[in-house]
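Participant: Here you go, sequence then predicted model.
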Amino acid sequence: MTGQAGGRPRGALIAAALGSAVALAVTAVGAGPAVGAQARELAYTCAFPAGAWPVGVRVAATVPDTAAVGEPIQPTDVTATVTAPNAALADFAALHAATVAGTAELTTEVSQGADAATVAWSGLDVLAAPVPDTDDLVLAASGAVAPVTVSAPGDVTLTAGALVLDLSMYQADGSATDPAGLSVACRLDPGQDGRLATIAVPDADLPSTSGPPTSTPDGGIEVGPPPDGSSPPGASRPRAGGEPPPGCFDFKNSPTAAPNCAYMAGYSNVAKLHGSVLLGVGPDEPNLHISLGDRLVVYPAGSPECPDTDEAFCRFAIDTISSATLDIPAARATFLAFGFMPVTATMKLTETAYAHVVSRSFRYQDRQDPTKNAFPLVVTSLGTMSARIYDVAINGISFDVGPACRPEDDLAVELHGHSATQSTRDPDEYTVPDGGPQDGMSTIPPFSGCRGVTGENLDLLFTGMVSGPGNYVKMTQGAPCPQIGGQPTDCPPVKVLEPQR
């Protein structure tokens with residue numbers, strides 16, 4: 001089982017495993033009530049091993065129409081769609097590459113009057129995409145970028161510059177090619193207007209209107225996180241840069257080089273008792289271990305796994321299949337049995353097998369406007385757990401139930417999460433690298449092994465009080481600490497102190 005606490009930029013292997021996006025659509029959204037949308041189609045030349053080839057790049061971001069001096073200007077919804085001609089893919093075919101993923105970095109210039117700064121929009125996750133036999137290769141990258149702050153009034157302009165793609169390639173069986181990586185440097189063709197957006201920064205004493213750029217002796221452009229150190233809405237968590245906790249990457253028999261550790265907590269309802277049990281809050285060490293991207297499965301257009309909608313065509317879908325283990329500390333809870341009798345008990349859940357986490361990403365192309373692409377993601381986590389009930393008190397009086405009071409069968413748990421894009425932008429969205437909530441329903445089987453102090457059979461009592469369908473489960477995963485290329489990244493993982501209900 002897996003499910004919040006903000007994500008952050010990740011490396012090529014995580015991008016491949018989770019299938020993130022290369023579609024930089026530029027949308028300018030006002031910080032005030034006015035909102036405007038923009039998108040730039042730009043021509044680049046990229047240096048592939050097979051030679052230099054022309055590439056189309058659609059760049060986009062959501063930015064405020066206006067900003068204030070000293071306040072961060074935070075681009076969000078940063079995406080870029082890269083379309084490479086099939087003729088540039090000769091080396092991909094020679095390596096038998098069936099799927100490509102990775103990260104992208106777009107260099108942007110932020111200018112205001114005589115002041116300018118170069119900002120690297122790095123760590124943009126490239127959605128895993130199949131390598132076509134004859135068609136052009138379409139990659140999509142998205143992610144969180146650093147804000148900028150100016151210290152003087154005047155229009156601020158964002159302009160696109162060089163683009164670098166760091167790609168990972170996978171064969172049809174999901175294994176890496178040899179070599180496994182490829183770096184592609186792209187330059188903006190000359191003679192183009194690469195401006196992505198212009199943000200008006202008025203004088204504090206003047207109305208908010210766009211005017212000629214100005215500069216002041218104390219002017220300047222600062223690149224970095226918001227002054228309070230927090231992440232803006234819809235942006236990934238800033239890179240932590242700390243150390244992984246002990247045992248973070250101790251995933252037994254991990255089939256990949258991408259182990260992750262995270263914290264997970266949540267609530268499990270007991271429908272018959274009209275209450276819930278708080279699970280997973282309190283451990284000092286991460287209780288969720290994930291082997292990310294054990295296997296990739298590609299589904300072409302027209303397959304049942306890649307359905308068209310009324311608004312868009314499904315061009316492909318990709319399953320990223322990961323394994324996970326979850327250690328939930330024993331939890332104690334009190335319920336009113338049969339509506340009037342207080343019953344307190346301790347429950348210990350134990351996984352009986354690895355959980356399977358399937359992240360299915362899609363590429364949808366708008367029926368009316370083929371330049372519009374969407375990259376939604378759905379996640380399904382499947383696991384089985386045994387449960388034991390002990391240390392029971394009824395109406396405050398200790399009640400012995402024996403050492404083996406448990407449901408007669410394992411609990412099958414199926415949780416679901418989703419994200420409108422490949423990186424979460426909303427507290428209710430979920431991806432494995434970002435964290436977030438997952439929910440689902442479970443059925444509690446009949447009990448067995450429950451014995452009183454004199455040996456009386458208590459199975460029917462617990463079955464009547466607890467067992468049955470319709471038990472809602474909601475688990476929240478914090479942003480994980482991944483290991484990429486043998487090195488810990490974005491550590492420590494984020495603790496879940498208040499899981500969603």
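Facilitator: Happy to help now that I have it. Numbering: from 1, shown residues only.
Participant: Only C-alpha atoms from now on, for both contacts and neighbour counts.
Facilitator: Fine.
Participant: Can you give the domain ranges for this structure?
Facilitator: Following automatic domain parsing, the chain resolves into domains at 12-206, 259-488.
Participant: What strand or helix carries residue 308?
Facilitator: With elements taken from DSSP states H and E, nothing contains residue 308; it lies in neither a helix nor a strand.
Participant: closest one to residue 498 among the domains of the chain?
Facilitator: Using Cα to Cα as the measure, domain 259-488 is the one of the domains of the chain that comes nearest residue 498, at 8.1 Å.
Participant: How far away from the center of its chain is the closest one?
Facilitator: 17 Å (Cα atoms, centre = their mean, to the nearest Å).
Participant: returning to what we had before: save the domains of the chain as CSV, and put in mean pLDDT too.
Facilitator: Compiled in CSV, the domains of the chain are given as follows (pLDDT from 0 to 100):
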stretch, mean pLDDT
domain 12-206, 79
domain 259-488, 89
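Participant: Columns mean neighbour count and distance to residue 220 on top of the ones you listed, output as a markdown table?
Facilitator: Shown next, in a markdown table, are those (neighbours: other Cα atoms under 10 Å; distance: least, Cα to Cα, whole Å):
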| stretch | mean neighbour count | distance to residue 220 |
| --- | --- | --- |
| domain 12-206 | 21 | 6 |
| domain 259-488 | 20 | 30 |
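Participant: Rebuild the ones you listed as JSON lines, extending it with distance to residue 248.
Facilitator: Written out in JSON lines, the entries for the domains of the chain read as follows (distance: least, Cα to Cα, whole Å):
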{"stretch": "domain 12-206", "distance to residue 248": "17"}
{"stretch": "domain 259-488", "distance to residue 248": "5"}
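Participant: can you map out the strands along the stretch 201-350 of the chain?
Facilitator: 221-223, 259-262, 264-270, 275-279, 288-300, 312-326, 331-337, 341-351 (DSSP state E, counting those that start in this stretch).
Participant: how about the longest one as CSV, C-alpha atoms only?
Facilitator: Below are the C-alpha coordinates for strand 312-326, written out as CSV (Å, rounded to 0.1, in the frame of the first residue of the first chain):
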residue,chain,number,x,y,z
ALA,A,312,-9.5,13.1,-26.5
PHE,A,313,-7.7,10.2,-28.1
CYS,A,314,-5.5,8.0,-26.0
ARG,A,315,-2.1,7.7,-27.7
PHE,A,316,-0.5,5.3,-25.2
ALA,A,317,-0.6,4.2,-21.6
ILE,A,318,2.3,2.9,-19.5
ASP,A,319,2.1,0.9,-16.3
THR,A,320,5.0,1.4,-13.9
ILE,A,321,4.9,-1.6,-11.5
SER,A,322,6.6,-1.2,-8.1
SER,A,323,6.9,-3.3,-5.0
ALA,A,324,6.4,-2.1,-1.4
THR,A,325,6.4,-3.2,2.2
LEU,A,326,4.5,-1.4,5.0
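Participant: what sits against residue 160?
Facilitator: Under the criterion of Cα atoms under 8 Å, 6 or more residues apart in numbering, the contact list for residue 160 reads 106-109, 188, 194-196.
Participant: I meant residue 55, not that one.
Facilitator: Taking Cα under 8 Å, 6+ apart as the contact definition, residue 55 lies against 43-46, 82-85.
Participant: tell me which element it is part of?
Facilitator: For residue 55, the element it lies in under DSSP H and E is strand 51-63.
Participant: what's the following helix or strand after that strand?
Facilitator: Scanning the chain past strand 51-63 towards its C-terminal end, the next helix or strand to appear is strand 76-84 (assignment: DSSP H and E).
Participant: Adjacent strands (with direction) for that next one?
Facilitator: strand 51-63 (antiparallel), strand 137-143 (antiparallel) (DSSP bridges).
Participant: Lovely, talk soon.
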